[in-house]
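Enquirer: quick one: sequence and predicted model below, then my questions.
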Amino acid sequence: MFGPLFGIITDKYGGNVAIFIGFLFYLAGVYLFYAGFNTGFYFTLTIGILIGVGLGATAISIPVSIVAKHFPLSNRTIATGIITSAGSFGYFVSPLIVRYSLIEAGWQTTILFFTFFLMLGLVVAFFITTPKIPVGTSVQQNKQTAMEAIKEAFSNSSFNYLTLGFFVCGWHIALVATHIPTYVNDRGLPEWCAAAILALIGLFNMIGTLTSGYLSTKFNKKNILSAIYFLRGVSIIYFIFLPPSVFNAMVFGITFGFLWLATVPPTNGLVAHIFGTKYIGLLYGFVFLSHQVGSFLG
């Protein structure tokens, strides 16, 4: 829910400010979860509210918006593909590390371990820069106010379709990430299979986002998005209706992983192409908010 708020902070005060504040909330939530009672409202406060607010700034919407301000139309989606791919590397290694750490050291040590990673993120935030005059912004767009940008965006049918599409994207992702472990267990597959699927998703998403970013410089971005959403549906249907097996599970992890966040470069690229990059953080924040509503329902 805080994506648009951190988006306007990024556009007005710089991405380093938004991401630093986000990491403070994220760090507070994780540490209090580690050190606190973890019952009732306290659990909701740490995992739900504090970490949720932190993710509003540290999830993919703010970093790709910052990067979009630095690059011209000709290679902007390649740059956002690279930054999304870097985030995917974390998604690749984290299921493996977490599973090993939970078995060997327990959940509290695992949480403490990730607290140190978040502290590193606080340090990195200081080195993030945002150009005062973003690349790809016309003179007219540079004079535009935030409210004018919002009104223009929501009166544009393409923006509304993008927002609706990203709702579906979030629904897909949360559905898979949340329910895969239980689904794998219910279908009688080995316990390690769920972690392997999630790791494969992270690994092949690195390739998928880079490919999507490159193709978005060569072909129509809306057609690329349509293909990604269609192929996601095919991948899910394949996994659900074919007989359960480790092979089919791995095929699903690879194919769905390739498409996982491949939607980010063309979606962010379309927003920047239509409205410029002055308020890309704010506008893409609204698109990402729709994504998170889809995730909640998924």
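Expert: Received the coordinates, thanks.
Enquirer: spatially nearest residue to Y34, not counting backbone neighbours?
Expert: Leaving aside its sequence neighbours, Y34 sits nearest to I111 (Cβ to Cβ, 6 or more residues apart in numbering; 4.2 Å). (Glycine included, C-beta is placed from N, CA and C.)
Enquirer: now the helix or strand containing that neighbour: mean pLDDT?
Expert: Here I111, judged by DSSP states H and E, is contained in helix 107-125. The pLDDT scores in helix 107-125 average 86.
Enquirer: what comes up buried for it?
Expert: Residues of helix 107-125 classed as buried: T110, I111, L112, F114, T115, L118, G121, A125 (neighbour count, 16 or more other Cβ atoms under 10 Å).
Enquirer: closest one of these to I66?
Expert: A125 (10.8 Å; Cβ to Cβ).
Enquirer: confirm for me that that closest one is in contact with I19.
Expert: Yes - using Cβ atoms under 8 Å, A125 is in contact with I19, at 4.5 Å.
Enquirer: for Y279, give me phi and psi.
Expert: Phi and psi for Y279, reported as degrees, to the nearest 10, are phi -110, psi 30.
Enquirer: what's near enough to touch it?
Expert: Y279 makes contact with G7, I8, D11, Q144, A146, A149 under the criterion Cβ atoms under 8 Å, 6 or more residues apart in numbering.
Enquirer: now L112. Nearest residue, chain neighbours left out?
Expert: Distances taken as Cβ to Cβ, 6+ apart put Y34 closest to L112, at 5.6 Å, once the chain neighbours are dropped.
Enquirer: what comes into contact with the helix or strand hosting that neighbour?
Expert: Y34 belongs to helix 15-35 when elements are defined using DSSP H and E. For helix 15-35, contacts defined as Cβ under 8 Å, 6+ apart pick out 6-7, 9-10, 42-43, 45-47, 49-58, 62-63, 65-66, 108, 111-112, 114-115, 118-119, 121-122, 125-130, 281.
Enquirer: can you rerun that using 7 Å?
Expert: Residues outside helix 15-35 that contact it (Cβ atoms under 7 Å, 6 or more residues apart in numbering) are 6, 9-10, 46-47, 50-51, 53-58, 62, 66, 108, 111-112, 114-115, 118-119, 121-122, 125-126, 128, 130.
Enquirer: circling back: of all the buried residues of helix 107-125, which two lie farthest apart?
Expert: T110 and A125 (23.6 Å).
Enquirer: and for F71, the neighbour number?
Expert: Counted with other Cβ atoms under 10 Å, the neighbours of F71 add up to 18.
Enquirer: and it, its phi and psi?
Expert: Dihedral angles of F71 (phi, psi; degrees, to the nearest 10) stand at phi -120, psi 150.
Enquirer: is the residue nearest to it when sequence neighbours are not counted in a helix, a strand, or coil?
Expert: Sequence neighbours aside, A79 is the residue nearest to F71 in space, at 4.5 Å (criterion: Cβ to Cβ, 6+ apart). Here A79 is recorded as helix under DSSP: H, G, I helix; E, B strand; the rest coil.
Enquirer: give me the low-pLDDT residue ranges for the chain?
Expert: For the chain, the stretches with pLDDT under 70 are 38, 136-142.
Enquirer: how about 80 then?
Expert: Applying pLDDT under 80 to the chain flags the ranges 1, 36-41, 43, 91-92, 94-96, 99, 132-143, 298.
Enquirer: tell me, what residue is most central in it?
Expert: Centroid-nearest residue in the chain: I60, 3.9 Å away (criterion: Cα atoms, centre = their mean).
Enquirer: would you mind measuring from that one to A86?
Expert: To A86, I60 is 10 Å away according to Cβ to Cβ, to the nearest Å.
Enquirer: surely L200 meets F256?
Expert: No - applying Cβ atoms under 7 Å as the test, L200 and F256 come out as separate, 8.6 Å apart.
Enquirer: cheers, nothing more for now.
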